[in-house]
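Visitor: sequence first, then the predicted structure:
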Amino acid sequence: MRIVVLGSGISGLSTAAELLRGRHEVIVVSAEPITATTSFLAAAVWFPTAAGPADRVRAWSETTFEHLAGLAAAGAPGVRMCASLALYRDEPAIPPWARSVRSFRSAHRNELPPGYRFGFRFEVPLVAMPTYLPFLSAQVDAAGAHRVLRTVARLGDLADLAPDVVVNCAGLRAAELVGDPEVYPIRGQIVRVANPGLSVSVRDEAHPLGRAYVHPRANDCVLGGSLDTGEWDTTPNPDLTRSILRRCRELAPALADSEVLETVVGLRPGRREVRVELDTTALPGIPVVHNYGHGGSGITIGHGCALESAALVATL
């Protein structure tokens, strides 16, 4: 079939890749280059965040984990398995994601920074999106995808491309495209600093100043962050930058003198439940498969959602 995939973030490109494997003709439509997508800015460590429903997210997450782990083992650019540490001030229950990660165990006392009594060690995929997203985009192009750079105000604007199917991976813009009032922005601010030699990803989801994480990459560390529901402003907040630096330096004291490289803001596509479903009413005469609303879990569930989207196309 001739399929238009709307969106070139991690969801759109992952779905395009799966459709191309199914021998479909694929046209990827986007309003901007991949470097301008929220996906390109993402810290991109596997960890289910701000997405539901829980059962479907768990299944998508586990499928995506194995896919990313396979890419890491194969040496895909920007993808590696990363030792991780989740920190707690009070004794925690075993988290629901524990069954999905590798090498899960309680942290030893000498692995905990000052002020923390409890933690879990585990291993998850970490994806450097400025490296991996161009690699995935090049794979999609090499497999034969066509590219169209245009702004789409409504799904009907795609009719001139004569699609048999449209796959809607428009992220936050899906709200206006299909009139979905459940879509909302989740503002995320991160700070990039020089990496002083860290290799372990560290997080405290209940830090008193706000959720905190330190994700080390080859040449920098991504520090975060925020989950500001309903906020559209993409201007970096200097006070929040200072707060992120303070909380993350508590998690990783080695960051105390690290040079701040930049502060960036992205808008994640929030929705009470991720929408992956077939819709025969959104575009008269042309079926639409929706794949949007991934919240803060785009890299965590993206491949699983892409597989399900491709399976829905196969039913047509």
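Guide: Arrived safely.
Visitor: which residues touch stretch 59-69?
Guide: The contact list for stretch 59-69 (Cβ atoms under 8 Å, 6 or more residues apart in numbering) reads 46, 48, 79, 81, 97, 100-102, 124-125, 127, 274, 297, 299-305, 307-308. C-betas here are computed from N, CA, C, even on glycine.
Visitor: try it again at 7 Å.
Guide: With Cβ atoms under 7 Å, 6 or more residues apart in numbering as the test, stretch 59-69 has contacts from 46, 48, 79, 81, 100, 125, 127, 300-305, 307.
Visitor: ok, of those residues, which one's closest to T280?
Guide: C305 (19.6 Å; Cβ to Cβ).
Visitor: what's around G285, how many residues?
Guide: 6 (other Cβ atoms under 10 Å).
Visitor: ok but Q139 is inside a strand, no?
Guide: No: applying DSSP: H, G, I helix; E, B strand; the rest coil, one finds Q139 to be helix, outside a strand.
Visitor: surely it touches A17?
Guide: Yes: counting by Cβ atoms under 7 Å, A17 is a contact partner of Q139 at 6.3 Å.
Visitor: more neighbours: these two, which one.
Guide: Between Q139 and A17, A17 has the larger neighbour count (other Cβ under 10 Å), namely 20 against 15.
Visitor: ok but the more buried one is inside a helix, no?
Guide: Yes: counting by three-state DSSP, A17 falls inside a helix.
Visitor: distance of it from S103?
Guide: According to Cβ to Cβ, to the nearest Å, A17 stands 29 Å off from S103.
Visitor: quick check: which ranges of the stretch 151-300 of the chain have low pLDDT?
Guide: Within the stretch 151-300 of the chain, no stretch has pLDDT under 70.
Visitor: restricted to strands, list the contacts of stretch 59-69.
Guide: V79, M81, P125, V127 (DSSP state E).
Visitor: so which of the contacts of stretch 59-69 are in helices?
Guide: Cross-referencing those against helices under DSSP state H gives T300, I301, G302, H303, G304, C305, L307.
Visitor: residues contacting G144?
Guide: G144 makes contacts with L20, as judged by Cβ under 7 Å, 6+ apart.
Visitor: again, only using 8 Å
Guide: Under the criterion of Cβ under 8 Å, 6+ apart, the neighbours of G144 are L20, E25, V26.
Visitor: ditto for H294
Guide: S11, A51, G171, R268, P269, V274, I301, G302, C305.
Visitor: ok, which pair from those is furthest apart?
Guide: Maximum distance among these (Cβ to Cβ): 14.5 Å, for R268 and C305.
Visitor: of these two, who's got more company?
Guide: C305 (31 against 27).
Visitor: thought the more buried one was touching V276?
Guide: Yes: at 5.2 Å, C305 counts as touching V276 under the criterion of Cβ atoms under 8 Å.
Visitor: who touches both of those two?
Guide: What both C305 and V276 touch, as defined by Cβ under 8 Å, 6+ apart, is the set N291.
Visitor: which residue ranges of the stretch 201-316 of the chain form strands?
Guide: Along the stretch 201-316 of the chain, the segments classed as strands by DSSP state E, counting those that start in this stretch run 201-204, 212-216, 220-224, 228-229, 260-270, 275-279, 288-292.
Visitor: neighbouring strands for the shortest one, and are they parallel or not?
Guide: Looking at strand 228-229 with DSSP bridges, its partner strands are strand 184-194 (antiparallel).
Visitor: got it, and the last one?
Guide: As defined by DSSP bridges, the strand partners of strand 288-292 come to strand 165-168 (parallel), strand 275-279 (antiparallel).
Visitor: if I look at F40, how far off is A72?
Guide: In terms of Cβ to Cβ, F40 sits 20 Å off from A72.
Visitor: who has more neighbours, these two?
Guide: More crowded of F40 and A72, by other Cβ under 10 Å: F40, with 21 against 17.
Visitor: check what pLDDT the more buried one gets.
Guide: At F40, the pLDDT value in this model is 91.
Visitor: go ahead and confirm it touches P130.
Guide: Yes: taking contacts as Cβ under 8 Å, F40 lies within contact range of P130: 6.4 Å.
Visitor: OK, contacts around E231?
Guide: E231 sits next to P185, I186, R187 when contact means Cβ under 8 Å, 6+ apart.
Visitor: again with L87
Guide: Taking Cβ under 8 Å, 6+ apart, one finds L112, P113, Y116, F118, G119, V202, R203, D204, L251 in contact with L87.
Visitor: run a quick neighbour tally on G304.
Guide: Count around G304 with other Cβ under 10 Å applied: 24.
Visitor: then S243?
Guide: S243, neighbours per other Cβ under 10 Å, totals 18.
Visitor: no further queries at this time; thank you.
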